[in-house]
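J.: Quick one, structure for this:
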Amino acid sequence: MDLDVLEHPLDEMVLYRSKNESNFAVRSATPADDEQLMKLSAETVPSNGITLSYERYPSYLAASQAQYNRPDLKVVVPIDNPSFVVAMMNLGWRYCYINGQADLMRYVADLRMHPEYRGGKVMRLLMDYVFDEIPQNTIFESVVLNANVVAANILHQERKGFPLPYYFDDIQTYTVSQAKKPKTFAHYRFKSLTQDAITAANGFILKMKDHYNFLPTYDFNGLLEGHHPFWKGMSLSDFFLIYNKDDQLVGLYGLWNQKSFKQTRVIDYSRPLKLMKPFYNVYANVRGVLSLPKVKGTFDYLMMHSPLCHPEDLEVFSSLIFHAKEQTKHRGKETYCVTLAENDPRIRWMKNTTSHILKAKHYFHSFSGNPYGKFDRKRISYFDVGRI
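T.: The predicted structure follows:
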């Protein structure tokens, strides 16, 4: 008989304890934690006069499978009440191309703490766990909004016993309301992704890995399963292939409606915005730009998935951006979001859009010294806005 199984009927309930903290422990999350995780993950974040909450409803655990190939969620619990979650941190794996080769990257996200338990002890415990339980040569990746000062202070400052942070590049997320129609738009043909074109789409991804680092190892066959967790909320008809006059595949993108499992809710507006909001919404309705919802209401937009083409081909990219705006309107939405690294040449075209811009910083974290040498800086950092 396996005595270890008797002692720990659920491996997830095994507690990690540190000599630096006697009152709390770390364990893996379980389905029983889901309601608490949804509340913690909905932590408010200030952004340009709006206090936002990024919700994962009706299940945080299900939503995290669209963010990671293999989620690895750790929670902090009191020793005397291990079912009560006071903090969380996701350290899941992503399958991606690094320097053109299929590899793994651990992505740090959703670091949340219960307001009554915020402080150095809980954070130190999580970092002790990382130091003791994860191989020292692991490189972690993170993206933090510039406006999220709390998270930046935790993750992007050097702290004793923590993996050192290494700034890599800046990224910008555009919420696109209007897009200029390029003169060369008629040169391209857009076709909905169908089962018989999946091989071509997968082949195009293999070409793009030569230009973009951290590009997920997309396999569009997952869309055929209908309920594949990594493609949650998406179907073949959400994707478009772009062909040039010579019938060559030169680009692709998708539009992702995440409303069924991920929402951005307005908790409050600054006083100036409250006064201006009624007038702004009249303007927004006339211009067709993103309107401001009521307090406690949610924004209604689409996420752009895999906006890919050769990084120097602005004609294809500009047509992609315009076509996406047309499709967004066709689907009854006002706007869509797309994320680009600041060194992506295609970002130059975004001045031809009407967009709200959020800036963020992309970091790596390591116990083993500066990791820059492991990444080809000539390749452009790639981000799917729906998986950040």
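J.: What ranges does the stretch 151-300 of the chain have for its strands?
T.: Secondary structure of the stretch 151-300 of the chain (DSSP state E, counting those that start in this stretch): strands at 164-179, 189-192, 212-213, 215-216, 239-243, 249-256, 263-269.
J.: Of all those strands, which one is nearest residue 328?
T.: Residue 328 sits nearest to strand 249-256 of all the strands of the stretch 151-300 of the chain, at 6.5 Å, using Cβ to Cβ. Where C-beta positions appear, they are placed from N, C-alpha and C, glycine not excepted.
J.: Residue 257 is in contact with residue 300, isn't it?
T.: No - counting by Cβ atoms under 8 Å, no contact exists between residue 257 and residue 300, whose distance comes to 9.3 Å.
J.: Name the residues contacting each of those two.
T.: residue 333 (Cβ atoms under 8 Å, 6 or more residues apart in numbering).
J.: picking up where we left off before, would you turn the strands of the stretch 151-300 of the chain into a markdown table with distance to residue 226?
T.: Supplementary listing: those in a markdown table, determined by distance: least, Cβ to Cβ, whole Å:
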| stretch | distance to residue 226 |
| --- | --- |
| strand 164-179 | 29 |
| strand 189-192 | 17 |
| strand 212-213 | 28 |
| strand 215-216 | 20 |
| strand 239-243 | 15 |
| strand 249-256 | 16 |
| strand 263-269 | 23 |
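J.: Quick one: closest of these to residue 288.
T.: Closest approach to residue 288 among those is made by strand 164-179 (6.4 Å; Cβ to Cβ).
J.: in that closest one, what's buried?
T.: Neighbour-count burial for strand 164-179, counted by 16 or more other Cβ atoms under 10 Å, picks out 164, 165, 168, 171, 172, 173, 174, 175, 176, 177, 179.
J.: which ones are touching the last one?
T.: Put plainly, it is residue 179. So residue 179 contacts 321, 322, 324, 325, 352, 353, 354 (Cβ under 8 Å, 6+ apart).
J.: switch to 7 Å and redo it
T.: Contacts for residue 179 were tallied using Cβ atoms under 7 Å, 6 or more residues apart in numbering; they are 321, 322, 325, 352, 353.
J.: what do you get for residue 379?
T.: Taking Cβ under 7 Å, 6+ apart, we find residue 379 in contact with 211, 212, 213.
J.: ok, these vs residue 80, which is closest?
T.: Minimum separation from residue 80 among the contacts of residue 379 (Cβ to Cβ) is found for residue 213, which lies at 45.5 Å.
J.: Quick check: the closest residue to the closest one other than its chain neighbours vs residue 385, distance?
T.: If you skip the residues right next to it in sequence, residue 213 has residue 379 as its closest partner in space, 4.0 Å away by Cβ to Cβ, 6 or more residues apart in numbering. Per Cβ to Cβ, to the nearest Å, residue 379 is found 19 Å from residue 385.
J.: surely residue 349 meets residue 314?
T.: Yes - under the criterion of Cβ atoms under 7 Å, residue 349 makes contact with residue 314 at 5.4 Å.
J.: what separates the residue nearest to residue 213 from residue 367, distance-wise?
T.: Using Cβ to Cβ, we find residue 379 at a distance of 25 Å from residue 367.
J.: One more: residue 116?
T.: From residue 116 across to residue 367, the span is 30 Å (Cβ to Cβ).
J.: Looking only at neighbour counts, state which of those two leads.
T.: Between residue 116 and residue 367, counting by other Cβ atoms under 10 Å, residue 367 is the more crowded of the two (17 against 7).
J.: related to what we said a few turns ago, export the strands of the stretch 151-300 of the chain to a markdown table and append columns for mean pLDDT.
T.: A markdown table is the format used below for these (pLDDT from 0 to 100):
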| stretch | mean pLDDT |
| --- | --- |
| strand 164-179 | 96 |
| strand 189-192 | 98 |
| strand 212-213 | 98 |
| strand 215-216 | 98 |
| strand 239-243 | 98 |
| strand 249-256 | 98 |
| strand 263-269 | 92 |
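J.: Selecting buried members of the contacts of residue 179 in PyMOL, what would you type?
T.: Here the buried members of those are turned into a PyMOL selection, burial being counted by 16+ other Cβ under 10 Å:
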select buried, resi 321+322+325+352+353
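J.: ok, which pair from the contacts of residue 179 is furthest apart?
T.: For these, with distances taken as Cβ to Cβ, the pair at the greatest spread is 325 and 352 (11.1 Å).
J.: Quick check: bridge partners of the residue nearest to residue 121 when sequence neighbours are not counted?
T.: Nearest non-adjacent residue to residue 121, counting by Cβ to Cβ, 6+ apart: residue 21, 5.3 Å away. Listed by DSSP bridges, the beta-bridge partners for residue 21 are residue 18.
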